[in-house]
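Colleague: Could you look at this predicted model? Sequence included:
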Amino acid sequence: MRRVVADVAACTGCGLCLLGCSAEHGAGFNARYSWVKVDSDLMGVPAAIRFTHGCDKAHSSQCVCLTEIPSCVALCEPRALRYLVDTEELTS
Amino acid sequence: MTPGYSGMMLEVDLGRRRAESRPIAEDVRRQLLGGNGLGAWALYHALAPEVDAFAPENPLIFCSGPLSGTLAPIAPKMCAFAKSPLTNGYMDSISSAQLGTELKCAGYDLLLIRGAADTPTYVRIDDDRVTFEDARSLWGRSTFATQEAIRTAMGDASAKVLAIGPAGENRVRYAAILGEHRAFGGGGLGAVMGSKRLKAIVARGTGVVSVHDREGLFHCALRFMARVRRSRPAKVLSSFGTPVHTMILQTLGGLPTRNFQTGVLPGAENLSGEVMRETYTKRVIACPSCMTPCGMVTQVSDGEYGGATTLGPEFQAIATLGSLLGHARLDAVIALDRLCDELGVGQCSVGNVIAFAMECRERGVLSQADLDGLDLHFGNHRAAFELVGRIARREGIGDLLAEGVKRASQQLGRGTEDFACEVKGMEMTGFEPRCLKSQAIGFAVSNRGPIHNEVRPLAEFFSAVDWNRPEGVGRLAKTLSDWTALANCLVWCLSAERVLDFKPWPVMVELVRLVTGYDVDESSLVTVGERVQTIERLINVREGLTRSADRLPKRFVREALPEGMKKGVRVPQETLDVWLDEYYAERGWNRDGIPTSETIDRLGLRALLEVP
């Protein structure tokens, strides 16, 4: 079982995951179309990370064309998103 | 359409309540790239000479850069432009507000606002639908409350808002514009917005940003990340934020203190990055798309400022709202930082203005009665806190101080010009120019006024120039300010770039190629920087700002630093004159600082600016 796991406490709110994801599933970059959602307050402090297409339950590898892990995870500098295959973490 | 751009600009006329979009010529994008370049070009065309900064004819311009909204991991920012009510000249201000990217997704690289509304208004941009909304119920409210209210009205938490606070409404000449908690702080653009009765702008864009080589950009971002993870400067920045500079400056004897009377503050360690991290920082967050988070979310837990929370303060706020006011209370700086952002007051300017008023009080120019009973003296952060509110509301003495240091000094007279620290009418940012020579020349030559990032403050430690001799300084300043202008075209972060160890050009070239597909190289990018500096200068020349405006305040020319590592150092006018001659010659400007006809031709500006 492959899945993305999120740790909102490590998230800096940079939003690169959103841009990477949106380009995987759309014609270009716009965080609005990301399957990952980072809920932040006006200051930009992340409060929750959500997945609209169940990537945190069962990731179906639709977005691993550029590296073997999903773009959202690959682009996460603070490692707030990680990619697990069963219990083992996959890194680029 | 070129990747990285929408290729369009939106022109909004507040008086006629009309909006129309039109294309931006490919040649303009190619030669100026975006951000700083595009905005300066638009301001050159839209601003008629000698228009009052508060007249409806003063255009207010916002734009993003080609890298905005892409995976470029160092370009989170956007720019704002207008004629400044402080300098009466060219002004740009740069912020990590997210509206720029949202505008790009809505289909616009640039937003140009003309005219003035009859009643408080906000402009709503929903892709290609532009409407003018009633903002009377928002008038008087804070920048943050305004943003929240508009996002709620929009029914979309992801819509992006820029707003002014009471300071902008009351035309405080150094009022700021806030987007989220990020300010366009310098140059009084919030007052220009207020003069148009424009309380806010909200945008929602459902289009996408495309790039020339997505896969290449993705791998470039991953390489950048590997670099960030190895970088010691990145680690320091992410741990302490820009307040890491406090103790560096204190050690060098260049921490601006008591209105620049000295460069050493007793107890400065209480304003250090370390104390901030240990006592006040709750979380570290990043600007959009940035892999080098340095935004310190701070909170004061107890005491008279208990409960105050802010994003920051940055070093510039610590210097201008802390040491410059003669105190070392970080909790007070946090509370002041928050207050300025809520009211929409430019932090550096207001700190300078209060420091100036404190010195006026110290020298007996202002009495306690003049100050409406306020016990204003160096070290009294409480009085400073009270005064910020009075300035934003233009109450009592606040009305005079809302005019800025230069105008306040002109009204007060009585020798106050000797310690009025301003250049071109704008107040100083927080690096002491006698201690850091890069700042001395940068504050003088910058088209915007005394801004620390025109000629980079740390440059002198990484350059081969002997700063004790006047020769070579002008040449280096030219090189560095071209680099600044280009960074501001992209619109890239001058803090995050320290990851690149002062060698940004290869990454700049790579990112521009990957995003836009333009066949640029280092030399063509330098030319972009030269173009931008010269367009800005041409705007200033049109407004009558030439060599005589490229000066330093009397204090730095006449008075030597009284203590610390740089004790005895001042910047004599003869030295500054040598620097200016060399700087102008390097730029192809004449001895008065006016671009020559040959330079205008060499840079291809005649067609771009339609100069006859």
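Modeller: Okay, I see it.

Colleague: which residues in the stretch 301-450 of chain B form strands?
Modeller: B:309-311, B:422-423, B:426-427 (DSSP state E, counting those that start in this stretch).

Colleague: same for the first one, what does it pack against?
Modeller: Looking back up the chat, that one is strand B:309-311. The elements that strand B:309-311 packs onto, with contact taken as 3 or more Cβ pairs under 8 Å, 6 or more residues apart in numbering or on different chains; DSSP states H and E, are strand B:295-299, helix B:330-343. In short, each C-beta sits where N, CA and C put it, glycine included.

Colleague: between those, which gets nearest to chain A?
Modeller: strand B:295-299 (5.9 Å; Cβ to the nearest Cβ).

Colleague: Run through the residues that contact the residue nearest to B:Arg229 when sequence neighbours are not counted.
Modeller: Using Cβ to Cβ, 6 or more residues apart in numbering or on different chains and skipping residues adjacent in sequence, the residue nearest B:Arg229 is A:Glu77, 7.4 Å away. By Cβ atoms under 8 Å, 6 or more residues apart in numbering or on different chains, the contact list for A:Glu77 reads A:12, A:14, A:16, B:225, B:228-229, B:291.

Colleague: One more: A:Val8?
Modeller: For A:Val8, the contacting residues are A:38, A:46-49, A:80, by Cβ under 8 Å, 6+ apart.

Colleague: Need the buried ones from the contacts of A:Glu77 selected in PyMOL.
Modeller: Burial among the contacts of A:Glu77 is assessed by 16 or more other Cβ atoms under 10 Å in any protein chain shown; the matching PyMOL selection reads:
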select buried, (chain A and resi 12+14+16) or (chain B and resi 225+228+291)
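
Colleague: Grab the most central residue of chain A for me.
Modeller: Centrality entry for chain A: nearest residue to the mean C-alpha point is A:Cys72, 3.5 Å, by Cα atoms, centre = their mean.

Colleague: my guess is that residue contacts A:Cys11, does it?
Modeller: No: the criterion here is Cβ atoms under 8 Å, and A:Cys72 misses it with A:Cys11 at 11.4 Å.

Colleague: Apart from its chain neighbours, what residue comes closest to B:Glu274?
Modeller: B:Phe240 (6.7 Å).

Colleague: Just the pLDDT for that neighbour.
Modeller: On pLDDT, B:Phe240 comes in at 96.

Colleague: Count residues in the vicinity of it, would you?
Modeller: 23 (other Cβ atoms under 10 Å in any protein chain shown).

Colleague: quick one: it and chain A, what's the gap?
Modeller: As judged by Cβ to the nearest Cβ, to the nearest Å, B:Phe240 and chain A stand 15 Å apart.

Colleague: residues contacting that residue?
Modeller: The contact partners of B:Phe240, by Cβ under 8 Å, 6+ apart, come to B:272-274, B:276-277.

Colleague: for B:Val161, same thing?
Modeller: B:99, B:146-147, B:150-151, B:179, B:200-202.

Colleague: Which of the residues you listed fall in strands?
Modeller: B:179, B:200-202 (DSSP state E).

Colleague: Provide a ChimeraX selection command restricted to the buried entries of these.
Modeller: In ChimeraX syntax, the buried subset of these is picked out as below (16+ other Cβ under 10 Å):
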select /B:179,200,201,202
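
Colleague: any chance of the ones in strands among the contacts of B:Val161 in CSV, with pLDDT too?
Modeller: Formatted as CSV, these follow (pLDDT from 0 to 100):
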residue, pLDDT
B:Gly179, 98
B:Ala200, 98
B:Ile201, 98
B:Val202, 98
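
Colleague: For B:His245, state which of the ones in strands among the contacts of B:Val161 is nearest.
Modeller: B:Gly179 (24.5 Å; Cβ to Cβ).

Colleague: Specify the beta-bridge partners of the closest one.
Modeller: B:Leu162, B:Arg182 (DSSP bridges).

Colleague: Wait, it touches B:Ala159, no?
Modeller: No: applying Cβ under 8 Å, one finds B:Gly179 not in contact with B:Ala159, separated by 11.5 Å.
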